[in-house]
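[1] Sequence isn't available, so here's the structure alone:
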Ligand SMILES: O=P(O)(O)OC[C@H]1O[C@](O)(CO)[C@@H](O)[C@@H]1O
Ligand SMILES: [Mn+2]
């Protein structure tokens, strides 16, 4: 695919219809594997369902499994996308989106797994998993990915201890920092949160030799893997050129559109703690998912579980951090939201029209941080942009507030690179866009009124 431009003047959506691409391989290989794992997980919980709901729970387990087996078959045989049949608050939006996709196709074709945009189909799979649970009332609160998420938290204990200890050290000395030192710490914790998105937890705890390096110590070696680094613009957006906590403008609000639970979420909470305790922000609003999503994404339950768990840890600085986070939630310094738009398949440029309330809420922020790969795909509409296309243009008018993407690359869309940067990466390392080894800190504040 060589940056084909569609009639509407934007490049084509990435899609499994381009045989051999990462999108194609994901739909062919990875999505069915995930469905198989979900089926296994539900099956392994049969006894739990029986204990909680008796025979009805077992029947629900059977129905959910047969629904998911059918779904896997629909996917593998490229069947047309089916309308949703449950009564979720988002069901109509999904079904309208299907109509919209249908209207973009020839009359004799229908949206389907290997023909439609990859972003749409991948989101749709997670929504159908949710449908399989929702249609079976006694088990309708079951999170099929919960166990994987809690395991990822426990496996990164050492790194969590290191980062909480670092945070508490900073908080003790916060008043003595010069502005330059404060900026240095800000940049460090921003990068820790960035690399927290490297889902495999390999920064430190995921490796066998976990105590070797703390997430902060690893940063220097990772610097050369940041392809676009706008972090100084993020700092300026927060400080407006003034010393934080000084007599300048009242400190603002930062919104964090969360990605994964486990280690990444802890890095986000640590960063949010620093923003508030340094006076760089007055309030932090977190945005999570209202249903289990893309395996490891954070739900409300994951958010509060992580804080409780950190608070209850048998480690002084971890529990101190957790207790502080709990207070921030209680006193409203931190707020958690889970608007249904985050679990729709829409490109973010659709938000102003399709979720105007959420768009208006984000407009209240002084800075919005978007964590992770999926958010980047939605920011850029998951299209085949040239690497030198500007981030602003790829956003297609989505600019509720100054915004920044913190993303390790796991899908083949990347804009805002220097001429030749993409080509030389491809020549050196063909998998650079999907390996998770590279990252961007990409900022945009286009039409922001002062
Ligand atoms: O948690 P993240 O960073 O959004 O990563 C999820 C990404 O992983 C992928 O499954 C690719 O590995 C993409 O489909 C998706 O964008
Ligand atoms: Mn994710």
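    Structure received. No experiment lies behind these values; they were computed from the predicted model shown. Ligands and ions are numbered 1, 2, ... in the order given.

[2] what about residue 73, how many residues close to it?
    For residue 73, the count of nearby residues is 12 (other C-beta atoms under 10 Å). In this view, the C-beta of every residue, glycine as well, is placed from N, C-alpha and C.

[3] quick one: it from residue 39, how far?
    Note on residue 73: its distance to residue 39, by C-beta to C-beta, to the nearest Å, is 12 Å.

[4] And the strands in this protein?
    226-229, 252-257, 281-287, 334-337, 367-371, 403-408, 439-444 (DSSP state E).

[5] In TSV, list those along with mean pLDDT.
    Below are these laid out as TSV (pLDDT from 0 to 100):
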stretch	mean pLDDT
strand 226-229	98
strand 252-257	97
strand 281-287	98
strand 334-337	98
strand 367-371	98
strand 403-408	98
strand 439-444	98
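
[6] Using JSON lines, lay out the ones you listed together with distance to ligand 1 and mean neighbour count.
    Conversion of those to JSON lines gives the following (distance: least, C-beta to the nearest ligand atom, whole Å; neighbours: other C-beta atoms under 10 Å):
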{"stretch": "strand 226-229", "distance to ligand 1": "15", "mean neighbour count": "19"}
{"stretch": "strand 252-257", "distance to ligand 1": "11", "mean neighbour count": "22"}
{"stretch": "strand 281-287", "distance to ligand 1": "14", "mean neighbour count": "21"}
{"stretch": "strand 334-337", "distance to ligand 1": "18", "mean neighbour count": "17"}
{"stretch": "strand 367-371", "distance to ligand 1": "7", "mean neighbour count": "24"}
{"stretch": "strand 403-408", "distance to ligand 1": "7", "mean neighbour count": "27"}
{"stretch": "strand 439-444", "distance to ligand 1": "10", "mean neighbour count": "23"}
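
[7] between those, which gets nearest to ligand 2?
    strand 367-371 (8.3 Å; C-beta to the ion).

[8] Against which helices or strands is the closest one packed?
    The contact analysis (3 or more C-beta pairs under 8 Å, 6 or more residues apart in numbering; DSSP states H and E) places strand 367-371 against helix 231-239, strand 252-257, strand 403-408.

[9] Identify all contacting residues around that strand.
    Outside strand 367-371, the residues that touch it by C-beta atoms under 8 Å, 6 or more residues apart in numbering are 193, 197, 234, 237-238, 252, 254-260, 264, 268, 362, 376, 379, 400-407.

[10] mind redoing it with 6 Å?
    Residues outside strand 367-371 that contact it (C-beta atoms under 6 Å, 6 or more residues apart in numbering): 237-238, 254-259, 362, 401-406.

[11] Could you do stretch 219-238 as well?
    Residues contacting stretch 219-238 (C-beta under 6 Å, 6+ apart): 183, 187, 190-191, 195, 280, 367, 402, 404, 416, 437-443.

[12] which residues of the stretch 351-450 of the chain fall in helices?
    Assigned by DSSP state H, counting those that start in this stretch, the stretch 351-450 of the chain shows helices spanning 351-354, 356-363, 372-379, 391-395, 421-428.

[13] which one of the ones you listed is the most hemmed in?
    Neighbour counts (mean count of other C-beta atoms under 10 Å) averaged over each of the helices of the stretch 351-450 of the chain peak at helix 372-379, with a mean of 24.

[14] Residue ranges in the chain under the pLDDT threshold?
    For the chain, applying pLDDT under 70 flags the ranges 1-8, 199-213, 241-250, 447-450.

[15] Disregarding flanking residues, what is the spatial nearest neighbour of the residue nearest the centre of the chain?
    The centroid of the chain falls nearest to residue 259 when counting by C-alpha atoms, centre = their mean (2.5 Å). Closest residue to residue 259 apart from its sequence neighbours, by C-beta to C-beta, 6 or more residues apart in numbering: residue 372 at 3.0 Å.

[16] so that neighbour sits right up against residue 196, yeah?
    No - judged on C-beta atoms under 6 Å, residue 372 makes no contact with residue 196 at a distance of 9.3 Å.

[17] Give me the distance from stretch 315-334 to the chain's centre.
    23 Å (C-alpha atoms, centre = their mean, to the nearest Å).

[18] How many neighbouring residues does residue 104 have?
    13.

[19] oh sorry, the question was meant for residue 61
    24.

[20] who's in contact with it?
    Residue 61 makes contact with 42, 46, 49, according to C-beta under 6 Å, 6+ apart.

[21] go again using 8 Å as the cut-off
    Taking C-beta under 8 Å, 6+ apart as the test, what residue 61 contacts is 42, 43, 45, 46, 49, 136, 139.

[22] ok, now residue 301?
    Applying C-beta under 8 Å, 6+ apart, the residues contacting residue 301 are 143, 146.

[23] So residue 410 versus residue 263, what's the distance?
    Residue 410 is 16 Å from residue 263, by C-beta to C-beta.

[24] Name the residues contacting each of residue 372 and residue 196.
    What both residue 372 and residue 196 touch, as defined by C-beta under 8 Å, 6+ apart, is the set 260, 264.

[25] who touches residue 412 in this structure?
    14, 21, 22, 23, 433, 434.

[26] and the stretch 1-150 of the chain, which of its residues are near ligand 1?
    26, 122 (C-beta under 6 Å from any ligand atom).

[27] And the residue in the stretch 1-150 of the chain that ligand 1 sits nearest to, how far from residue 330?
    As assessed by C-beta to the nearest ligand atom, ligand 1 sits closest to residue 122 within the stretch 1-150 of the chain, at 5.5 Å. Between residue 122 and residue 330 the computed distance is 36 Å (C-beta to C-beta).

[28] do residue 189 as well
    23 Å.

[29] And the two? Which one has more around it.
    The residue with more neighbours, out of residue 189 and residue 330, is residue 189; 25 against 9, by other C-beta under 10 Å.

[30] Residue 270 is in contact with the more buried one, correct?
    Yes - using C-beta atoms under 8 Å, residue 189 is in contact with residue 270, at 6.3 Å.

[31] Ligand 2 next: which of the contacts of residue 412 are close?
    Counting by C-beta under 5 Å from the ion, nothing from the contacts of residue 412 sits close to ligand 2.

[32] Name the member of those with the most neighbours.
    residue 23 (27 neighbours).

[33] Just list the residues touching that one, thanks.
    14, 15, 16, 118, 412.

[34] Ok, residue 377 next?
    With C-beta under 8 Å, 6+ apart, residue 377 has these contacts: 119, 411, 413.

[35] And it, how close does it get to residue 324?
    On the measure of C-beta to C-beta, residue 377 and residue 324 end up 33 Å apart.

[36] for residue 436, phi and psi?
    With angles defined as degrees, to the nearest 10, residue 436 sits at phi 80, psi 0.
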